[in-house]
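**Q** When you get a sec, could you give me coordinates for this:
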Amino acid sequence: MFRTERLQALHAVDRHGTLAAAAEALHLTPSAVSQQLSKLERDVGTRLLLPHGRSVKLTPAGRVLADSADTVLGELALARTRLDALSGDITGPMRVGSIPTGVYTFVTRALTSLAGAHPDVEPAVIEAEPERSLPMLVNGQLDVAVVESWDNMPLTRPPHTHWRALRDDTARVMLPATDPRADQDTIDAPELARDRWVSWTAGSRANAWLCHTLRERGIEPDIRHYVTGYATVFSLVAGLGAVALLPAMALAVASGHDVRPVRVDDPAPRRTLYAVTAEPHPRPALEACLDALADAAQLGDGGTDG
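**A** Numbering: from 1, shown residues only. Down below sits the predicted model:
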């Protein structure tokens, strides 16, 4: 019989393509993964992997065993879920990947509540955009991904994932307080045609969304600043007179920066935040986490919906 940890090593290499990536997913060293694979090859009596550039590829025997490992490990996970459900135990690690505004406004609050109610749950948070968190979820590196999907640029849903809507949010134009338009309730898109913009890093989904949203409104954005954090955005808006288009929830980190949020009257772009999972039968701890996220998301924050 094959030992589970050796099948897990082969399964991880099959999913991730390299020993290093498999080791990261399994929270092991590459050397430990290599040792497990060597032992599995001795168990089978044939080679399972071959070098392929900087990665590895499975031999025909490796492919047969990897496919079987996927089935076996899936059945073991289902058995674990059913056993947990019978016992009602809410325990174990809970790895949550979340967009930044989620962390700032409700994810931390949700996990604090979860850990308070269930001390044997061990929360861990990774701040990540959907283009990173969804692959991590599918590859088994996360239990939950908190993501955003804009109405005008919806996310692609990976197969076999489950999406639970948490809340809606709308975009606001962020203006320096000294801007004559800052006291308006709304701003028409043509009024923004000559502004200089702050954007997320070029090539990111957030950058693509900004460009797409402005071009929908007939504006070719003059992007002067590229950043990776909301605090930097607010600093540039307040200090250099740039403008930004951000989720209203981002105002939770605007403290100390003299900026004003104004609605875009076009109508305003809207996004939905989701908790995404990949377990077909969520164990009790995951169900408790999803409930905590849903409850915390509705409690309000520094942003404004609607």
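**Q** care to break this protein down by domain?
**A** Following automatic domain parsing, one gets these domains for the chain: 4-86, 90-167+271-297, 170-269.
**Q** Out of the ones you listed, which one sits most buried?
**A** domain 90-167+271-297 (a mean of 19; mean count of other C-beta atoms under 10 Å). Using the backbone N, CA and C atoms, a C-beta is placed for each residue, glycine as well.
**Q** gap between the two ends of that domain?
**A** 21 Å (C-alpha to C-alpha, to the nearest Å).
**Q** and what of stretch 245-259?
**A** Stretch 245-259 has an end-to-end distance of 12 Å (criterion: C-alpha to C-alpha).
**Q** For the domains of the chain, give me CSV that also has mean pLDDT.
**A** Putting the domains of the chain into CSV (pLDDT from 0 to 100) gives the following:
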stretch, mean pLDDT
domain 4-86, 85
domain 90-167+271-297, 94
domain 170-269, 95
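**Q** So Q35: helix, strand or coil?
**A** In three-state terms, and counting by DSSP: H, G, I helix; E, B strand; the rest coil, Q35 is helix.
**Q** how close does the residue most central in space within the chain sit to Y226?
**A** In the chain, the centroid-proximal residue (C-alpha atoms, centre = their mean) is S133; its distance is 3.4 Å. Going from S133 to Y226 by C-beta to C-beta, to the nearest Å gives 21 Å.
**Q** again with G17
**A** 30 Å.
**Q** partner strands of the strand of greatest length in the chain, parallel or antiparallel?
**A** Longest strand of the chain, by residue count under DSSP state E: strand 162-176. The sheet places strand 162-176 alongside strand 244-247 (antiparallel), strand 259-264 (antiparallel), strand 270-277 (antiparallel), with pairing taken from DSSP bridges.
**Q** any chance of those in TSV, plus distance to W209?
**A** Below are the strands paired with strand 162-176 laid out as TSV (distance: least, C-beta to C-beta, whole Å):
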stretch	distance to W209
strand 244-247	9
strand 259-264	14
strand 270-277	9
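**Q** how about those strands, which one is nearest V33?
**A** strand 270-277 (25.9 Å; C-beta to C-beta).
**Q** Can you name the next helix or strand after that closest one?
**A** The helix or strand immediately downstream of strand 270-277 is helix 284-297, counting by DSSP states H and E.
**Q** by how many degrees do that following helix and strand 270-277 diverge?
**A** In terms of direction (axes from the mean of the first three to the mean of the last three C-alpha atoms, to 10 degrees), helix 284-297 departs from strand 270-277 by 160 degrees.
**Q** elements contacting helix 284-297?
**A** helix 60-87, strand 92-98, helix 108-117, strand 121-127, strand 144-150, strand 162-176, strand 270-277 (3 or more C-beta pairs under 8 Å, 6 or more residues apart in numbering; DSSP states H and E).
**Q** closest one to F234 among these?
**A** strand 162-176 (7.0 Å).
**Q** and the helix or strand just after that closest one, what other elements does it pack with?
**A** Where DSSP H and E defines the elements, the next helix or strand beyond strand 162-176 is strand 186-187. When contacts are defined as 3+ C-beta pairs under 8 Å, 6+ apart, strand 186-187 packs onto strand 259-264.
**Q** What lies in contact with the strand it packs on?
**A** 170-177, 179, 181-187, 189, 217, 234, 237-238, 245, 248, 251, 304 (C-beta atoms under 8 Å, 6 or more residues apart in numbering).
**Q** and what of stretch 174-184?
**A** Under C-beta under 8 Å, 6+ apart, the answer for stretch 174-184 is 187, 191, 233-234, 237-238, 241-246, 254, 258-262.
**Q** I223 falls within a strand, correct?
**A** Yes - residue state for I223 (three-state DSSP) corresponds to a strand.
**Q** Distance of it relative to C211?
**A** With C-beta to C-beta as the criterion, I223 and C211 are 8 Å apart.
**Q** Equivalent analysis for R63, please.
**A** R63 sits 42 Å away from C211, going by C-beta to C-beta.
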